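Colleague: Provide a 3D model corresponding to the input given below.
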Amino acid sequence: MRFHIGRCKAPCVNNQSEEEYNKHVTQVKLLLKGNLNAVIRDLKEEMNALAANLEFEKAQEHKIKIDLLERYEGKSLVVNPSITDAEVYGFYSSPTSAFVNYFKVTNGAIIQGKQ
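Modeller: The predicted structure is shown next:
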């Protein structure tokens, strides 16, 4: 049912090639690691190829995904573009309390934080 409503590519019944499936898995891994630029670059390449083949509806779907990722990326706090990957911990304690902060920085932007 998810395939019919566009929520699944149905690789389990061979409606999606293994190559395309592996590419999507790689993109998801990049997203989870906070490397949005690589995913956006791939989507732009695919969008341009689709537009060149006059597949404008599919190109528009890629454009929407790119816009969503760029808006999400814009909400990330850029610390320093020269920092590629870092994990930052902060500790504070007093006689009555203690605090720990954690930030994950990827490509100069804070992509995850915990207190």
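Colleague: Tell me where the chain has helices.
Modeller: Taking DSSP state H as the criterion, the chain contains helices spanning 18-32, 36-52, 56-74.
Colleague: Figure out how far the last one is from the centre of its chain.
Modeller: Here helix 56-74 shows a centroid-to-chain-centroid distance of 12 Å under the convention C-alpha atoms, centre = their mean, to the nearest Å.
Colleague: Convert the C-alpha atoms of that helix to CSV, please.
Modeller: Extracted in CSV, the C-alpha atoms of helix 56-74 (Å, rounded to 0.1, in the frame of the first residue of the first chain):
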residue,chain,number,x,y,z
PHE,A,56,10.0,18.5,-15.0
GLU,A,57,7.6,17.0,-12.5
LYS,A,58,10.4,14.7,-11.1
ALA,A,59,12.8,17.6,-11.2
GLN,A,60,10.4,19.7,-9.2
GLU,A,61,10.2,16.9,-6.5
HIS,A,62,14.0,17.1,-6.2
LYS,A,63,13.8,20.9,-6.0
ILE,A,64,11.4,20.7,-3.1
LYS,A,65,13.7,18.3,-1.3
ILE,A,66,16.7,20.6,-1.9
ASP,A,67,14.7,23.6,-0.5
LEU,A,68,13.8,21.6,2.6
LEU,A,69,17.3,20.5,3.3
GLU,A,70,18.7,24.1,2.7
ARG,A,71,16.1,25.5,5.1
TYR,A,72,17.0,22.9,7.7
GLU,A,73,20.7,23.6,7.2
GLY,A,74,20.0,27.3,7.6
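Colleague: Domain parsing of the protein, as residue ranges.
Modeller: Domain assignment for the chain by automatic domain parsing gives 11-76, 78-114.
Colleague: Centre-most residue in the chain?
Modeller: Leu31 (2.7 Å; C-alpha atoms, centre = their mean).
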